[in-house]
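In: sequence first, predicted coordinates after that:
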Amino acid sequence: MVSDYLLTALILTLTDGLAAVGLTLLAGFAGQVSLGHMAFAGIGAYTSAILSARFGLNPWLAMLPATAITGLAAALVGAPLLRLRGHYLALGTLGLGLVISSAMKELTGLTGGPSGFAGIPRLALFGHPLSTLEYFGVTALMALGAGWLLTRLVRSRTGRLLQATRDSEIGAEMTGIDARRLKLQIFTLSAVLAALSGSLYVHFVTFISPGPFEMLNSLKLLVIATLGGMRSIPGAWIGAGALTLLMELVRDVVPRLLPNAGGEQQMITYGLLMVLVLVYLPDGITGAAARLVARFRSKARRPQLDRAPSSPAASPAAIWESLRPARLQPLEVSRVAVSFGGFAAVRDVSFTAAPGEVTAIIGPNGAGKTTLFNLICGLVHPTAGEIRWGGRSLRGLSPNRLARLGLGRTFQNIRLFTHMTALENVMVGVEAAHGPGVLASMLRFPQVVRAEAQTAARARELLAVVGLAGEASTKVSHLPFGKQRMLELARALAIRPHLLLLDEPASGLTSQEERDALVAVIRSIREAGISVILVDHDMRFVMSLADRVVVLAGGQRIAEGTPDRVQSDPNVIQAYLGEAASASEGGTPLT
Amino acid sequence: MKRYLSAFVGLVLLAAAGCSSGQPAAAPAGGESGAVGEPYKIGAILDVTGGGSTLAIPERNTLLMLTERVNAQGGITGPDGKQHRLELIIEDNKGQESESVLLANKLIRTDKVPVLIGSSQSGTTLAMLQTVQEAEIPLISLATSVQIVTPVAERKWAFKTPWSDANIVAAIVEDMQNRGFTKIAWLSVNNAYGDSARTEFLRIAPEAGIELVLDDRFDVGVKDLTPLMNRVKASDAQAVVIWALSPETAVAVRGHKALQLKQEVYVSHGVATPQFLELAGSAAEGINMAAGKALVVDQLPDDDPQKAVLDDFNQSYQATFRDPISTLGGHAWDAFHMVIHAFSKVGPDPARIREVLENDVREFVGVTGIFNLSPEDHTGLDARGLAILRVENGSFRLVRTFSDP
Amino acid sequence: MWAQLPQVLVSGLTLGAIYGLVALCFVTVFTVTRIINFAQGEFVMLGALLTVSLAGSMPLPVAVAAAILITAGAGLFVYWLAIRPARSASDLTLVMITIGISTALRGLALMVWGTYPSPLRPFSQGPDFVVGTAVISRQALWTLGTVAAAVLLLHLFFRHTRVGQALRACAVNPLAARLMGIRPVLMHQIAFALAAGLSALGGAVVAPLTYASYDMGLALGLKGFVAAIMGGLVHPAGAVAGGLMLGLLEAGAGSIRSSLTDVVTFVVLLGVLLGTRVQPLGLGEREIDAGGV
């Protein structure tokens, strides 16, 4: 007969892990910190407790509204809260935890105040309250179920979108990912998990008070998640188990090695052990285990995405044709201006980029070219002027909305998703705008599996047309710079753009071969009917591709026209020679 | 290289962490005449670290001292006529409810104790109740909440030695009535300790003709209560009740004094310790409380029924720990003596220990008071253990006792 | 209600000064090392407890000075034991490590000084000052004065000494600082020791008001963190201002309803944060690209 002591320890560990896995999801996968997470466990626990103890609802049933209400509360609170970043978000979540803790103590009529209340029914089967062994069974099943579903989630579209957002939030936005909505979904999910954990706990102990849901335990959750490893779903339970073992060790061994050691010595031992473990296993236990495993295996196994055929069925021509935009939309920039703290980066700039053409924007350093790009793609809001695309004003539209409308962009300092493979990067572009959501990803219906295969196939096609077919499984960080540039292009193409903004696509390309390949791809893009707006310093590159050139200097447009006309414009020559232009690779100014 | 150096330093620290003066261990004494039986085990769960440490340390000290004392005399004579030494196993629940549950399981299942003492705080005790009910092991709590022993039908296995807030608050209210206070400001700490007293006060104050002109709560660990005292100043309260443990109460009374307020101050029995006087300094002058008589033993008349027990407690505690006694240790004293009384009658049989506690603890003179446990009352205290104390010239002075039940 | 205002101001500014000092320490460490040291509050605690212990056998100013030095040493020790070996870990892991350090330091204090709070006699004896309806204790004046002096000295240190300027350089642009020959490890150690010593001073000066106990560090550290964030985590002046604001908020909330002090404080804080700190997407990353904070 297994000891009730062991079973109780296991039950507490499993419920701790259930609350912590929400944090792993939130912090490890979505990159958001939450310092008050036990507050959600508390809301779930109190709701469940009140419904079952005061209103006589069956505890199994009570857990449903408990998790639902907590999810709702999280969504309501998360919407404004997640607008904060970094340390401000940390502070916000801390404050949230404190406010909810206070509420538990204040609303005495509802919650029993600081004393709490007892008499909460145990979960029961067929009228018979569960024994400790049975309770362990239930908790274990729930934990396994949650772990399984979440593992599926992080390996699916949602997981990829999350990883993308973590790797580069701007890159993700420009690929069409609505980061805010995604984070809110994960925040809500993590709260629901915490609520489930709280309910399970409270129906086991049959007593509730604000104590277990205060800040100290929120920090303990963080410790558990970090100890287990933030990059792995099972890490939450491994961390919880490790912590329980650690405490047992300290409780058992310390008094034996060092007689007369009481709780005081335990505390310092616990703290020191925590520090030592965290210092030497920074990725947690699962991280260390993964590193060990990687040493015994030459390359890690990737999910079956990579088992697709290495060459796609369609021909390059067909793939390019599939990228042809349905509509022809000119981009009209009129009298746009923006200032940063008194410095006018862009002043009264107007030009039109005709559909299906390559429009180049050139100018000396500091002319405002990148700022102009940021204005067009929604990363910066203009202080004056209008940008219309196909007659529709782009004012106030978020970058991810623009991406979903077909406005793609590459960046001067590449913003790829560095922890993912080339294939996954492009897949994100394909599936960012629509695809299976959080719930569908967890449950993995057949159409979800199919959609994923289709996404992978499409991504392979796009890799092929930019010449990266063989690099599908290579991690971005292992790709040479030139190939990374191409990959960014492929990813931008994946969103089915009508207009592509290319920010210094040739910079950093060292060989003529790479440049020629780039020129060829951009030509193919234009021939497919996609409009291109291009910024670069390399004059030869620009002039060979552009249909129209706009020249900026000092934040203003000083010339516009065909490449030949612009090259001989005296204003342009003055702008380049008058300012100390930095040497650009592969070409001197104006040639 | 440097990483290993710091790891080494860390491990050395770990080793050093245990080498400080601990408490005397419950080591059995040398052999003596008479047949020797198996040791009787007592499990204790105390809130040593975490919020309840001011409660738990005197409790732990008392239990250790008594165990040593009993063992030094060869242990207890069990119903089988043999001498049984005591084995006391103390665990620290770190003030956490889930730890309490876990440790209760450990003590019951792994260490196989037939009886439990603890814990020091109400929340951590209540969390254990499910476990002890299921395991059918009697528990004597050192916490105050009335929820521990009621509703009686669902608390078959739970007992407690401290007074209920009902007794103490009633004593205070009586004192207020006698002194003609009708407008009171109530300030309590925002946890179970403060809350249960507040509930009790709100219940009986109206019947006693007392009006609450101010009712507020403050957090554990609060550092400055002058803003709250400002509110008291602005109210027309004639007396202020400050219900918290020593640190917060000291902050409160100092705030009260700093603002040069004139109301009469009542505090809780949790501060009936000399350490509180040290903390509060001159601000403690003139404060009133209803508490046990342990602190004013030498001021008790010789015919006080508890005097002998209190003297014993006082002298043995001071001899062992060189710290003055507190009423908190007294709760542990009483629990311990009930347990060994049961042991001597029925040995380590949980169900029969429970019966002894319910039926054979009558007019039991303890430090906390005179106990009359019964199946309907698992605390069994009346007003007789209480006294009204007042701080004068830096020490506790006995104002009056309650000689009738 | 208005009659209480002067007292609220006094209480708020006194405690706010300490929060500001702790916030200052947070900012000092953060700007130089990019680490949020959640154990900062424990250095306040060490300073307070050490002063209490030493004050029994030596004159008070010497005790305070010794406490500061010992705590600064503890700060260095913590840096070498736990922070430096983990320098390549993620931000979150580093935060967790500082939390572990905080627990260990608390356990140490518990072992050495026990659970009971210890009082410290005020720096100067004498009656409290009464200004209108407000009562100001001498120790409160000591607190305000000490914090003001510390802030001033720190300002001078950062502006006019080589070490101070080197620290600032490290904070603004670590790479450039390295290229100029400033050794980052040395700067980190100085920042840690400085912050620990400063916190200890705060602990010593506030102990007569609030008692020294092994668990006083948690709440103070938290409030200091809040104040530092409020002040923007960039400028020392902001940290102190954040601390004073927090102190006043608390005192104000406490004078309306004490049980809701934390709630009111945080709701106001959240409101301010949401009103002013919400950054439009992309600005943060761009700033990082440009080498800004």
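Out: Okay, I see it.
In: could you use CA atoms for every contact and neighbour count after this?
Out: OK.
In: how close does the residue in the stretch 451-591 of chain A positioned nearest to chain C get to residue B:378?
Out: Nearest residue of the stretch 451-591 of chain A to chain C, counting by CA to the nearest CA: residue A:503, 14.7 Å away. According to CA to CA, to the nearest Å, residue A:503 stands 80 Å off from residue B:378.
In: compare the two (neighbour count), which wins?
Out: With neighbours defined as other CA atoms under 10 Å in any protein chain shown, residue A:503 and residue B:378 compare such that residue B:378 has more, 25 against 21.
In: can you classify the residue in the stretch 51-200 of chain C positioned nearest to chain B as helix, strand or coil?
Out: Among the residues of the stretch 51-200 of chain C, residue C:81 lies closest to chain B, at 5.1 Å counting by CA to the nearest CA. With DSSP: H, G, I helix; E, B strand; the rest coil as the basis, residue C:81 sits in helix.
In: now residue B:289
Out: When classified by three-state DSSP, residue B:289 comes out as strand.
In: that one pairs with what?
Out: In this entry, residue B:289 is beta-bridged to residue B:267, residue B:389, by DSSP bridges.
In: next, count neighbours for the residue of the stretch 251-400 of chain B at minimum distance from chain C.
Out: Residue nearest to chain C within the stretch 251-400 of chain B: residue B:279 (5.5 Å; CA to the nearest CA). By the criterion of other CA under 10 Å, residue B:279 has 24 neighbours.
In: residue B:349 now?
Out: Applying other CA under 10 Å, I find that residue B:349 has 16 neighbouring residues.
In: contact partners for it?
Out: Each residue near residue B:349 by CA atoms under 8 Å, 6 or more residues apart in numbering or on different chains is listed here: residue B:114.
In: what's near enough to touch residue A:486?
Out: Contacts for residue A:486 (CA under 8 Å, 6+ apart) come out as A:466, A:468, A:518.
In: now residue A:378. Nearest residue, chain neighbours left out?
Out: Among residues not flanking residue A:378 along the chain, residue A:399 sits closest, at 4.8 Å (CA to CA, 6 or more residues apart in numbering or on different chains).
In: can you tell me the helix or strand for the most centrally placed residue in chain B?
Out: The centroid of chain B falls nearest to residue B:328 when counting by CA atoms, centre = their mean (3.7 Å). In the assignment (DSSP states H and E), residue B:328 maps to helix B:327-346.
In: show me what that helix is packed against.
Out: With contacts taken as 3 or more CA pairs under 8 Å, 6 or more residues apart in numbering or on different chains; DSSP states H and E, helix B:327-346 sits against helix B:53-72, strand B:76-77, helix B:350-359.
In: and the helices in chain B, which stretches?
Out: In order along the chain, chain B carries the following helices (DSSP state H): B:2-18, B:53-72, B:97-105, B:122-135, B:165-178, B:192-204, B:226-234, B:246-258, B:274-280, B:307-321, B:327-346, B:350-359.
In: could you export those to JSON lines, including columns for distance to residue A:543?
Out: Formatted as JSON lines, the helices of chain B follow (distance: least, CA to CA, whole Å):
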{"stretch": "helix B:2-18", "distance to residue A:543": "56"}
{"stretch": "helix B:53-72", "distance to residue A:543": "79"}
{"stretch": "helix B:97-105", "distance to residue A:543": "72"}
{"stretch": "helix B:122-135", "distance to residue A:543": "77"}
{"stretch": "helix B:165-178", "distance to residue A:543": "89"}
{"stretch": "helix B:192-204", "distance to residue A:543": "78"}
{"stretch": "helix B:226-234", "distance to residue A:543": "73"}
{"stretch": "helix B:246-258", "distance to residue A:543": "77"}
{"stretch": "helix B:274-280", "distance to residue A:543": "83"}
{"stretch": "helix B:307-321", "distance to residue A:543": "92"}
{"stretch": "helix B:327-346", "distance to residue A:543": "89"}
{"stretch": "helix B:350-359", "distance to residue A:543": "95"}
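In: which among the ones you listed is found nearest to residue C:12?
Out: Closest approach to residue C:12 among the helices of chain B is made by helix B:226-234 (8.8 Å; CA to CA).
In: how far away from the center of its chain is the closest one?
Out: Offset of helix B:226-234 from its chain centre (CA atoms, centre = their mean, to the nearest Å): 30 Å.
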